[in-house]
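Q: The sequence and its predicted three-dimensional model are supplied below.
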Amino acid sequence: MAQSLDVTADAKAGRAGLNPGLILGALGVVYGDIGTSPIYALKEAVRAASPGGSAEAPAVLGAVSLILWALILVVSVKYAVLILRADNRGEGGIVAMLALLGARHARPGSWGALLLVVGLVGAALLYGDGAVTPAISVLSAVEGLKVAAPALSHAVLPITLVILVGLFVMQSKGVGFIGRIFGPVMLLWFAVITILGIGGILHAPQVLGAVNPWRAVDFLAHAGWSVGFAMLGAAFLAVTGGEAMYADLGHFGAGPIRIAWFSLVLPALMVNYLGQGAVLLLEPGAIEGPFYHLAPDWAQLPLTGLATVATVIASQAIISGVFSLTQQAIQLGFFPFLRVVHTAQTERGQIYVPVVNWLLAGATLSAVLIFESSDALAGAYGIAVSTLMAITTLLAALIARRWGYGLGPVLLVNGFFLAIDLVFLAANSVKIVEGGWFPLVLTLVIAVLMLTWRKGTMLLEAARVRLRMPEEVFLARLAEDPPIRLPGSAVFLSSAQRGIPLHLTRFLERSHALHARTVIVTALYEETPTVPAEARATVTRIAPDLYRVTLRYGFMEEASVPEGLAEAAGAGFLPACFTEDPTVFIGHETIIPRHHVRGMAVWRENLFAFMMRNAERTGAFFCVPGHQLIEVGTEIEI
């Protein structure tokens with residue numbers, strides 16, 4: 001998932017006529033991760049079936065065949081052909097699936113609530129993937145020095161750490177430059193690995209026998225379950241990154257993503273894996289680095305440099321994707337408000353989330369320091385993605401049923417792919433002790449945070465409802481005891497579309513005053529990617545000097561209260577005088593956990609209170625200038 005190359009508008013405009021720029025952009029953003037998998041995937045698959053340390057021909061052909069058919073079935077058929085159809089008005093990803101299923105508003109204890117939990121776990125898995133992908137990608141590329149310049153082997157770990165630190169430091173500056181070179185560099189990368197693969201095949205054309213799927217089936221059937229499971233888990237590394245097809249659907253469109261895959265990426269990957277297999281058939285001892293042994297001696301150092309650049313691009317894509325997922329999760333109420341920085345004034349897709357960036361940096365650098373090599377990291381890589389792929393298949397089946405497809409075809413098609421996902425998941429599960437625990441721990445932490453935040457906000461809103469004054473009662477009190485009228489306009493931000501906000505009544509009670517013109521504003525995020533400008537604002541006149549405005553935004557949009565009010569005034573829904581330099585009031589709520597009341601466990605209530613205290617201020621999140629803001633504090637027990 002990535003937004004570092006902002007082509008969303010072009011994607012939406014160019015879906016009918018395919019834009020070469022979109023196809024080129026998809027090479028870098030969508031296929032950076034899966035495109036760099038040949039550096040380590042086949043090596044790990046053959047090593048898993050070669051305990052003696054030397055590649056054996058049956059293991060080589062079986063591993064190559066397994067990888068080729070995994071690319072065909074999992075990525076080509078499941079994702080490129082089927083999953084890309086499950087779009088939410090052109091957008092993809094776990095969040096879009098949850099929106100399509102309407103799980104966000106599910107009642108506690110219902111099937112929808114269970115789906116929401118499953119979906120949030122799927123979203124949390126992307127954070128685990130986002131921590132491990134940069135670590136294994138960059139480390140495996142720099143390890144090319146062990147082949148190209150063995151004297152520098154001791155420098156692999158420090159160089160990797162320096163590159164990764166630089167990558168995360170660069171995020172705050174924006175990635176516009178790297179975004180522009182994503183596509184061309186990856187085009188060069190795919191061309192190079194294709195040429196290298198062809199060279200390997202010409203030296204040992206018997207490797208083409210791996211195209212026959214029976215090679216994989218026969219080897220797995222006779223290798224024993226432990227060796228077979230180990231190879232399956234390692235071979236799965238070749239398809240990690242395929243999920244980016246669906247996650248980046250909204251940025252490029254299904255057409256460019258499919259064309260880039262079938263016309264360039266898939267052929268390049270298949271040819272390179274076959275070429276690596278040919279190298280291992282001729283040189284069984286090259287098992288430590290078959291990818292780099294494809295190149296002649298003089299080209300190995302340049303290839304290491306190109307591989308490093310390609311893996312940095314793949315890492316940037318996953319980091320930007322985590323930023324994008326975080327923004328969507330915040331807007332749909334699954335995370336507290338966090339500071340989101342737009343690093344380009346003219347390109348909405350380029351964002352930077354400081355807290356997430358540095359937490360992700362800590363997790364990635366920790367992975368490198370803990371595991372120290374791509375071989376060891378292979379044990380940590382794959383389990384998060386295989387679980388996510390299984391969840392995606394399950395949710396896609398439910399979406400297909402909601403769209404009217406028959407139960408039989410859905411069970412047949414999705415059941416087939418779910419069975420494949422579960423086989424890979426079972427194979428990866430045996431790697432938990434080896435390192436699979438690492439992304440799972442990260443996933444657990446993120447899932448607990450998301451579920452705690454959602455449950456806490458539900459309890460908080462229930463408490464607000466109990467305390468919130470009905471509009472008719474508020475108007476009656478104003479009539480009985482008219483307040484002092486202050487000049488100008490006031491805007492009170494509210495989380496609800498009915499009732500009077502707590503900070504408005506608190507302000508009135510303590511000051512016995514009210515502005516001459518008052519607007520209650522509620523900003524809502526809908527379960528659609530975007531909301532048309534003409535449907536942005538709904539205005540209700542409560543009294544001559546009191547209006548309620550509801551602003552609606554899609555989960556791919558940024559909510560700006562000043563702009564929304566200006567649009568409402570410009571359309572004639574709201575008198576312009578109500579939006580002229582208003583004072584904006586927001587509620588600053590202090591959460592008081594009530595241990596004796598049923599809600600959440602004590603530790604979760606305290607965790608929710610901690611997240612509330614450290615969340616981004618509401619005014620800043622909704623783009624309200626600081627000089628217009630006044631906070632009104634309230635204590636609320638949950």
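A: Thanks, I have it.
Q: what pLDDT does the residue lying farthest from the centre of the chain get?
A: Computed with CA atoms, centre = their mean, the residue of the chain farthest from its C-alpha average is E480, at 53.4 Å. Here the pLDDT value assigned to E480 is 90.
Q: now swap in M1 and tell me
A: As predicted, M1 sits at a pLDDT of 37.
Q: next SSE after the biggest strand by length in the chain?
A: For the chain, the strand with the greatest residue count under DSSP state E is strand 513-525. Reading on from strand 513-525 to the C-terminus, the next helix or strand found by DSSP states H and E is strand 537-543.
Q: That following strand pairs with which strands, and in what direction?
A: Neighbouring strands of strand 537-543 in its sheet, by DSSP bridges, are strand 546-553 (antiparallel).
Q: and the angle from the partner strand to strand 513-525?
A: Counting by axes from the mean of the first three to the mean of the last three CA atoms, to 10 degrees, strand 546-553 lies at 20 degrees to strand 513-525.
Q: Could you list every helix and strand in contact with the next helix or strand after strand 546-553?
A: Sequence-wise, the next helix or strand downstream of strand 546-553 (DSSP H and E) is helix 561-570. With contacts defined as 3 or more CB pairs under 8 Å, 6 or more residues apart in numbering; DSSP states H and E, helix 561-570 has these neighbours: strand 484-493, strand 513-525, strand 537-543, strand 546-553. Quick note: C-beta positions are derived from backbone N, CA and C, even for glycine.
Q: buried residues in the longest strand of the chain?
A: Within strand 513-525, the residues that count as buried by 16 or more other CB atoms under 10 Å are L514, H515, R517, T518, V519, I520, V521, T522, A523, Y525.
Q: Could you dump the helices and strands packed on helix 561-570 into JSON lines and include distance to I198?
A: Formatted as JSON lines, the helices and strands packed on helix 561-570 follow (distance: least, CB to CB, whole Å):
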{"stretch": "strand 484-493", "distance to I198": "61"}
{"stretch": "strand 513-525", "distance to I198": "50"}
{"stretch": "strand 537-543", "distance to I198": "59"}
{"stretch": "strand 546-553", "distance to I198": "50"}
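Q: For L281, find the nearest of these.
A: Nearest to L281 among these is strand 513-525; the distance by CB to CB comes to 55.1 Å.
Q: Show me how far that closest one is from its chain's centre.
A: Mean-position distance between strand 513-525 and its chain equals 34 Å (CA atoms, centre = their mean, to the nearest Å).
Q: and I432, which of the helices and strands packed on helix 561-570 is closest to it?
A: strand 513-525 (36.2 Å).
Q: who touches stretch 137-149?
A: Outside stretch 137-149, the residues within contact range by CB atoms under 8 Å, 6 or more residues apart in numbering are 33, 36, 39-40, 152-153, 155-157, 159-160, 163-164, 167, 288-289, 291-293, 300-301, 303-304, 307-308, 310-312, 314-315, 368, 373-374, 377.
Q: how about 7 Å then?
A: 36, 39-40, 152-153, 155-156, 159-160, 163-164, 289, 292-293, 300-301, 303-304, 307-308, 311-312, 314-315, 368, 373-374, 377 (CB atoms under 7 Å, 6 or more residues apart in numbering).
Q: A260 contacts G28, correct?
A: No - counting by CB atoms under 7 Å, A260 does not reach G28; the two are 9.9 Å apart.
Q: of the helices and strands packed on helix 561-570, which approaches G382 most closely?
A: strand 513-525 (33.1 Å).
Q: Columns mean pLDDT on top of the helices and strands packed on helix 561-570, output as TSV?
A: Formatted as TSV, the helices and strands packed on helix 561-570 follow (pLDDT from 0 to 100):
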stretch	mean pLDDT
strand 484-493	92
strand 513-525	92
strand 537-543	91
strand 546-553	92
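Q: Any idea which of those gets closest to I592?
A: Short answer: strand 484-493, nearest of the helices and strands packed on helix 561-570 by CB to CB, at 21.7 Å.
Q: elements contacting that closest one?
A: Counting contacts by 3 or more CB pairs under 7 Å, 6 or more residues apart in numbering; DSSP states H and E, strand 484-493 is packed against strand 513-525, strand 583-592.
Q: in that strand, what's buried?
A: S489, A490, V491, F492, L493.
Q: and that strand, which strands flank it?
A: strand 513-525 (parallel), strand 583-592 (parallel).
Q: any chance of those strands in a markdown table, with distance to F229 too?
A: Conversion of the strands paired with strand 484-493 to a markdown table gives the following (distance: least, CB to CB, whole Å):
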| stretch | distance to F229 |
| --- | --- |
| strand 513-525 | 43 |
| strand 583-592 | 47 |
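Q: what about these, which gets the closest to L395?
A: That would be, of those and by CB to CB, strand 513-525, which comes in at 20.0 Å.
Q: Run the angle between the closest one and helix 561-570 for me.
A: 100 degrees.
Q: residues in contact with strand 513-525?
A: 331-332, 483-497, 501, 508, 545-553, 555, 559, 561, 564-565, 577-578, 583, 622.
Q: related to what we said a few turns ago, out of the buried residues of strand 513-525, the closest to L440 would be?
A: Y525 (29.6 Å).
Q: partner residues bridging that closest one?
A: Y553.
Q: Leaving out the residues flanking it, which one is nearest to L84?
A: Nearest residue to L84 in three dimensions, chain neighbours excluded: A254, at 4.6 Å (CB to CB, 6 or more residues apart in numbering).
Q: just checking, next helix/strand downstream of the lowest-mean-pLDDT helix or strand in the chain?
A: The helix or strand of the chain with the poorest confidence is helix 8-13; it has a mean of 42 (mean pLDDT, DSSP states H and E). Under the assignment DSSP H and E, the closest C-terminal helix or strand after helix 8-13 is helix 20-29.
Q: who does that following helix touch, helix- and strand-wise?
A: Packed against helix 20-29 by the contact rule (3+ CB pairs under 7 Å, 6+ apart) you find helix 8-13, helix 176-203, helix 249-252, helix 254-260.
Q: Let me see the residues that make contact with the helix or strand just after the second one.
A: Next along the chain after helix 176-203, taking DSSP H and E as the criterion, comes helix 214-223. Residues outside helix 214-223 that contact it (CB under 7 Å, 6+ apart) are A49, P58, A59, L61, G62, S65, L66, W69, G209, G228.
Q: ok, so what distance separates the residue nearest to N272 when sequence neighbours are not counted from I630?
A: Leaving aside its chain neighbours, N272 sits nearest to G197 (3.8 Å; criterion: CB to CB, 6+ apart). Applying CB to CB, to the nearest Å, the value for G197 to I630 is 65 Å.
Q: Those two: who's more crowded?
A: Taking neighbours as other CB atoms under 10 Å, G197 and I630 compare with G197 leading, 26 against 14.
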